[in-house]
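*Asks:* this one's structure only:
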């Protein structure tokens, strides 16, 4: 494990889900409230004031250093980097855009510099419907949007390879010589041995990132969290739709049938 700044180490010990048993890590609001209260977390590594109501929990979390070191070494062997919100490499847009909801830790694979580049998120208008992201019309529109974003010098932000739309936007951007941030709500570890992912990561054109445990399964809650992070991380969002124009599109509102 690479040597970490003491403040960053404290932040990771308090927030990382990778260090095994013990009390639950601090959630985003709890973490940012602590940072606002004490400022530098480094002194907590030596001593947690006994008069704190959360003293036992903080001591237990900060005492996971050995288990945490083994967990980080295992993650690093898989190519995963843990990025604390107190690390200077943490994306600025995420902190300013989400405030006290900004994820305290990100799990990343690939060039971290891409996280701070101006990004265009590509999503389906009816992504909640599920089937929309597989529609050929939407997929073609996603390819066109990715090509345009790369030509404009922007990083493309997708959900990695979660759907046909995401895979099309991701591969199109990379094939066009651009770069992609794949923000995941699906397990990060499922992508690590895919040849196309490895080539793009090693070529500096793909950064996969998730605020969840690398092996955490997809859930509606995770997808909602991913969407909030994407909205903060992206400079703008391109929404592609399957909806075809109808005759009603040319009817003034007051003339439309009830």
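*Replies:* Right, received. Where do you want to start? Keep in mind that this is a model prediction, so the values were computed, not measured.
*Asks:* Please count neighbours and contacts with C-alpha atoms only from this point.
*Replies:* OK.
*Asks:* Does residue 79 lie in a helix or a strand, and which?
*Replies:* Counting by DSSP states H and E, there is no helix or strand that carries residue 79.
*Asks:* ok, it touching residue 109?
*Replies:* Yes: Residue 79 is in contact with residue 109 according to CA atoms under 8 Å; the separation is 6.0 Å.
*Asks:* remind me which residues of the protein are low pLDDT?
*Replies:* Using pLDDT under 70 as the threshold, the predicted model of the chain has low-confidence ranges 1-3, 126-133, 242-258.
*Asks:* Could you please name the strands the strand or helix carrying residue 121 pairs with and the direction of each pair?
*Replies:* Per DSSP H and E, residue 121 falls inside strand 119-124. The strands that strand 119-124 pairs with in its sheet are strand 155-158 (parallel), strand 236-240 (parallel) (by DSSP bridges).
*Asks:* centre of the chain versus the helix or strand that comes right after that strand, how much separation?
*Replies:* Scanning the chain past strand 119-124 towards its C-terminal end, the next helix or strand to appear is helix 136-151 (assignment: DSSP H and E). Taking the mean of its C-alpha atoms, helix 136-151 sits 21 Å from the chain's own mean (CA atoms, centre = their mean, to the nearest Å).
*Asks:* re the thing from before, ok, and what's touching the strand holding residue 121?
*Replies:* Under the contact criterion CA atoms under 8 Å, 6 or more residues apart in numbering, strand 119-124 has outside partners 132-133, 138, 142, 145-146, 149, 154-158, 165-166, 169, 230-231, 233-241.
*Asks:* one more time with 7 Å
*Replies:* Applying CA atoms under 7 Å, 6 or more residues apart in numbering, the set of residues contacting strand 119-124 from outside is 132-133, 138, 142, 149, 154-158, 234-241.
*Asks:* what angle separates that strand from helix 136-151?
*Replies:* An angle of 170 degrees separates the directions of strand 119-124 and helix 136-151 when computed by axes from the mean of the first three to the mean of the last three CA atoms, to 10 degrees.
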